[in-house]
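K.L.:
the following block contains a protein sequence and its predicted model.
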Amino acid sequence: MNGTRGAQSGLTNLPNLLTMGRVALVPLLVAAFYLPAPATYWVCLALFALASATDFLDGWLARARDQMTDFGRFLDPIADKILVAAALVMLAASGRLGELGEIAAVIILCREFVIAGLREFLAGDDVAVPVSRLAKWKTAAQMIAIGFLLVGPGAPEAVPAVAIGEGLLWLAAALTVITGAAYLRAGIARIAGSGPEA
C-alpha cells in the first residue's frame, strides 16, 4: 500500500497511477456482469485479477522507488474497499452468491465501514491504525474468494468454484470479525487515553 514518506506529494507517480487505475477498473467490472454467459464469468475474473494485482504493485513500487505519498496513503485503502464492495454487491445482485454467502459479504462490508470510520476519527489525532499480519491474510482470503465466485459456473465442472469461493469468503468474514475487534479495542483504548503509542 502507498504510505507517507517525507514531503513526497506527486499525484501522478506510477504507484498512484496504478491506484487510480484500480478505481477506474471498477465501472468496467460492474459492466462485465451484464455480458452474456460464459463471457461474463471470465471477463469479470480477468478485470478483478488485474485490479487486485495493482494493489500489490502500487505498494511495492512506492517502497522501491521511495514514492510513498499522502495521496497514496489516502486513496489506496479506499480503492481496495470500492473494489471489494462493488464485487460483493454485484455478486449478490446477480444471484452468484447464496444466502450464506450474502451474510458473509454483509459482515465483511460492515467491518470495512467501521474500521474506515475508526481510522478517520483517529487520524485527527495523528494516530495510525497499523495493518496486522492477520488482516493481510483476511485480505488475501477475501480476494481469492471473490475470484472463485466471479468465475463461478464458468469454471470447469471438476472445480467447485462456488463452494470454494463461499468457503473462503466465510474464512475472510471470520478473520474480519477477529481483526475488526482488535482494531476497535485498540481504537477505544487510544480514545480513552490508555492505549499504546502507535
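P.N.:
Sure thing, it's come through. In this text the structure is predicted, and so the values were computed from the model without any measurement.
K.L.:
and Ala158, how many neighbours?
P.N.:
Residues lying near Ala158 (other Cβ atoms under 10 Å) number 5. From N, CA and C alone the C-beta is placed, and that goes for glycine too.
K.L.:
now the helix or strand where Ala140 lies - C-alpha only, PDB.
P.N.:
Assigned by DSSP states H and E, Ala140 belongs to helix 133-151. Extracted C-alpha coordinates of helix 133-151, given in PDB (Å, rounded to 0.1, in the frame of the first residue of the first chain):
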ATOM      1  CA  ARG A 133      -0.500  -9.700   9.600                       C
ATOM      2  CA  LEU A 134      -3.900 -11.400  10.300                       C
ATOM      3  CA  ALA A 135      -5.600  -8.600   8.400                       C
ATOM      4  CA  LYS A 136      -3.400  -9.300   5.400                       C
ATOM      5  CA  TRP A 137      -4.400 -12.900   5.500                       C
ATOM      6  CA  LYS A 138      -8.000 -11.700   5.600                       C
ATOM      7  CA  THR A 139      -7.500  -9.600   2.500                       C
ATOM      8  CA  ALA A 140      -5.800 -12.500   0.700                       C
ATOM      9  CA  ALA A 141      -8.700 -14.900   1.500                       C
ATOM     10  CA  GLN A 142     -11.200 -12.300   0.500                       C
ATOM     11  CA  MET A 143      -9.600 -11.600  -2.900                       C
ATOM     12  CA  ILE A 144      -9.200 -15.300  -3.700                       C
ATOM     13  CA  ALA A 145     -12.800 -16.000  -2.600                       C
ATOM     14  CA  ILE A 146     -14.200 -13.200  -4.800                       C
ATOM     15  CA  GLY A 147     -12.100 -14.500  -7.700                       C
ATOM     16  CA  PHE A 148     -13.600 -18.000  -7.400                       C
ATOM     17  CA  LEU A 149     -17.100 -16.600  -7.000                       C
ATOM     18  CA  LEU A 150     -16.700 -14.400 -10.100                       C
ATOM     19  CA  VAL A 151     -15.800 -17.200 -12.400                       C
END
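K.L.:
check which helices and strands the following helix or strand past it sits against.
P.N.:
Later in the chain than helix 133-151, the nearest helix or strand by DSSP H and E is helix 161-191. Applying 3 or more Cβ pairs under 8 Å, 6 or more residues apart in numbering; DSSP states H and E, one finds that helix 161-191 contacts helix 99-123, helix 133-151.
K.L.:
the inter-axis angle of helix 161-191 versus helix 99-123?
P.N.:
30 degrees (axes from the mean of the first three to the mean of the last three Cα atoms, to 10 degrees).
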